[in-house]
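>>> with the sequence up front, the predicted model follows.
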Amino acid sequence: MEWFPVVFFTFKVVALSIGMFFAVKWHYDQGKKHPDRKKEMRAVVGTGAKVAVLFVLLVVILGFATYLLATKLGLDLRLP
């Protein structure tokens with residue numbers, strides 16, 4: 001039973017390495033197909049910015065909701 005972690009982690013590393021290789025190769029090949037990259041890159045950056053703003057907004061809302069729930073339950077939230 002001591003051989004299981006060695007075999008399992010070796011298999012895991014090999015499988016993930018092969019997957020990463022083919023993922024990078026596929027994305028590289030896809031990048032060669034599209035000659036109009038500036039327009040596409042602008043759209044990707046804009047979408048990324050929207051996702052980042054949405055993530056920050058959701059984190060703020062979750063923090064506020066957690067604070068409200070904690071105060072409603074009577075938890076002591078004062079800093080020492």
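The structure has been received and is ready for your questions.
>>> strands of the protein, start to end?
In the chain, no strands are defined using DSSP state E.
>>> so where's it uncertain?
35 (pLDDT under 70).
>>> domains in it, as residue ranges please.
1-33, 37-80 (automatic domain parsing).
>>> now the ones you listed as a markdown table including mean neighbour count?
Any C-beta I mention is one placed from the backbone N, CA and C, and that applies to glycine too. Below are the domains of the chain laid out as a markdown table (neighbours: other Cβ atoms under 10 Å):
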| stretch | mean neighbour count |
| --- | --- |
| domain 1-33 | 9 |
| domain 37-80 | 9 |
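>>> for this protein, which helix is longest?
Ranked by number of residues, the top helix in the chain under DSSP state H is helix 37-72.
>>> that one: how far from the chain's middle?
With Cα atoms, centre = their mean, to the nearest Å as the basis, helix 37-72 stands 13 Å off its chain's centre.
>>> ok, now stretch 71-80?
For stretch 71-80, the distance to the chain centre is 32 Å (Cα atoms, centre = their mean).
>>> which other residues reach it?
Applying Cβ atoms under 8 Å, 6 or more residues apart in numbering, the contact partners of stretch 71-80 are 67, 70.
>>> try it again at 6 Å.
Ala70 (Cβ atoms under 6 Å, 6 or more residues apart in numbering).
>>> end to end on it, go ahead and measure it.
Distance across stretch 71-80, first residue to last, is 17 Å (Cα to Cα, to the nearest Å).
>>> could you do stretch 67-78 as well?
From its first residue to its last, stretch 67-78 covers 12 Å (Cα to Cα).
>>> and stretch 69-80, by the same measure?
21 Å.
>>> then stretch 27-46 to CSV, C-alphas only?
The C-alpha coordinates for stretch 27-46 follow below in CSV (Å, rounded to 0.1, in the frame of the first residue of the first chain):
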residue,chain,number,x,y,z
HIS,A,27,-4.4,27.9,-28.1
TYR,A,28,-1.3,28.6,-30.1
ASP,A,29,-2.8,27.1,-33.2
GLN,A,30,-6.0,29.1,-32.7
GLY,A,31,-4.0,32.3,-32.4
LYS,A,32,-2.4,31.7,-35.8
LYS,A,33,-5.8,31.3,-37.5
HIS,A,34,-7.1,34.8,-36.7
PRO,A,35,-5.3,37.7,-38.5
ASP,A,36,-7.5,40.4,-36.9
ARG,A,37,-6.1,40.1,-33.4
LYS,A,38,-6.3,43.7,-32.3
LYS,A,39,-10.1,43.8,-32.4
GLU,A,40,-10.3,40.4,-30.7
MET,A,41,-7.7,41.4,-28.0
ARG,A,42,-9.7,44.6,-27.3
ALA,A,43,-12.9,42.5,-26.8
VAL,A,44,-11.0,40.0,-24.5
VAL,A,45,-9.5,42.8,-22.4
GLY,A,46,-13.0,44.5,-22.1
